[in-house]
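# Here you go, sequence then predicted model.
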Protein chains: 2
Amino acid sequence: METTAWPASLPADLRAHLPEGLADGVFPAGCPSRTVLDHITSKWGVLILLALSEGEQRWSELRRRAEGISEKMLAQTLKTLERDGLVLRKAQAVIPPRVDYSLTERGYELSGLLVPLVTWAYNNADEILNGQR
Amino acid sequence: METTAWPASLPADLRAHLPEGLADGVFPAGCPSRTVLDHITSKWGVLILLALSEGEQRWSELRRRAEGISEKMLAQTLKTLERDGLVLRKAQAVIPPRVDYSLTERGYELSGLLVPLVTWAYNNADEILNGQR
DNA sequence: TAAGGTACTCACCTTTTGGTAAGTTATAGG
DNA sequence: CCTATAACTTACCAAAAGGTGAGTACCTTA
């Protein structure tokens, strides 16, 4: 019996490799990385991170870009990402208020990995969804 | 005022780039890529895709690897991924049943993007979660 | 005086997600 | 004949995620 499921046409060394702790493709149930992964792969998390990958933006700008997000969810998502040290919040004490959001260095690092994923989803979405009877 | 939020130390050409349709970092609300993204970034989707990135596996093996998953969720997640053409299901008509799951070529492509993301989450999880007062 | 702009929070309710436990199938082994 | 096995499905319930609409603060402009 085969021990691998890779398409024969793909050389084995094209396989991306998991780190030691995930050697057999498992996250232990209580693993902190599951929490982090949940934050960044949350419904709106990806979208906000992506929007911010284009540069610093204000609250209202983010709202517009993440089309369909509610104010509640925007606030919640930004708070989580800020706590995680991925997003930087700069508030100015002016009236009306002005708050600028941007990616931290860590957030930038992450968005570099998210962009290819999202691009892939964007490019493959139609084929994936149409190929279903 | 600054038009970019990138750390000054990072040259602009290191920025990953979004495709045309996402030029301003937005998914239109009804965009099919949002659906696809929801599937693959679902709580268990990433984990299953990741487990399968190590090769063909049986139902019970997957259950063990995605620690904490319920049978219901495993079935549901696999069904979605199969419908999306990311996972291949090979059932043998024997008793007791034997079913092998593997990644399709498309699924393999995707897992190549997921692995760096998950590796990053794994490596940064402790720092992220500890840096919170 | 009144309305508008910005960045929120809050309370309430609905929808979605996920877990639990039981049932199913057909055969092989004791 | 009873039990175990693998890969499920189903019904029911709890929890979490998410939406809605209102409220708030303070100043500016009409």
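Received the coordinates, thanks.

# Please see if stretch A:83-98 touches DNA strand D.
Yes - for stretch A:83-98 and DNA strand D, the contact criterion (Cβ under 7 Å from any atom of the strand) is met by A:95-97. To be clear about C-beta, it is placed using only N, CA and C from the backbone, and glycine gets the same treatment.

# Out of these, which sit inside strands?
Among those, no member is found in strands (DSSP state E).

# Of these, just say which sits nearest to residue A:46.
residue A:97 (26.5 Å; Cβ to Cβ).

# For the closest one, give me its contacts.
Taking Cβ atoms under 8 Å, 6 or more residues apart in numbering or on different chains, we find residue A:97 in contact with residue A:91.

# Next, find the distance separating it from chain B.
16 Å (Cβ to the nearest Cβ, to the nearest Å).

# for residue A:76, same thing?
In terms of Cβ to the nearest Cβ, residue A:76 sits 16 Å off from chain B.

# Okay, buried residues for the helix or strand where that residue lies please.
For residue A:76, the element it lies in under DSSP states H and E is helix A:71-83. For helix A:71-83, burial by neighbour count (16 or more other Cβ atoms under 10 Å in any protein chain shown) applies to A:73-74, A:77-78, A:80-82.

# cool, and stretch A:109-117?
Quick answer for stretch A:109-117 (16+ other Cβ under 10 Å): A:110-115, A:117.

# ditto for stretch A:45-54
Buried-residue list, stretch A:45-54, by 16+ other Cβ under 10 Å: A:45-54.

# and it, is it in reach of chain B?
Yes - judged by Cβ under 8 Å from any Cβ of the partner chain, stretch A:45-54 comes into contact with chain B through A:46-47, A:50-54.

# Now do that stretch, average pLDDT.
Stretch A:45-54 shows a mean pLDDT of 93.

# Out of the buried residues of helix A:71-83, which is nearest to residue B:67?
residue A:80 (23.9 Å).

# relative to helix A:71-83, how tilted is the longest helix along chain A?
For chain A, the helix with the greatest residue count under DSSP state H is helix A:105-130. Here the directions of helix A:105-130 and helix A:71-83 differ by 130 degrees (axes from the mean of the first three to the mean of the last three Cα atoms, to 10 degrees).

# Contact distance from DNA strand D - what residues of chain A qualify?
So chain A meets DNA strand D at A:38, A:42-44, A:68-73, A:95-97 (Cβ under 7 Å from any atom of the strand).

# Of those residues, just say which sits nearest to chain B.
Distance to chain B across the residues of chain A next to DNA strand D (Cβ to the nearest Cβ) is lowest for residue A:68, with 4.0 Å.
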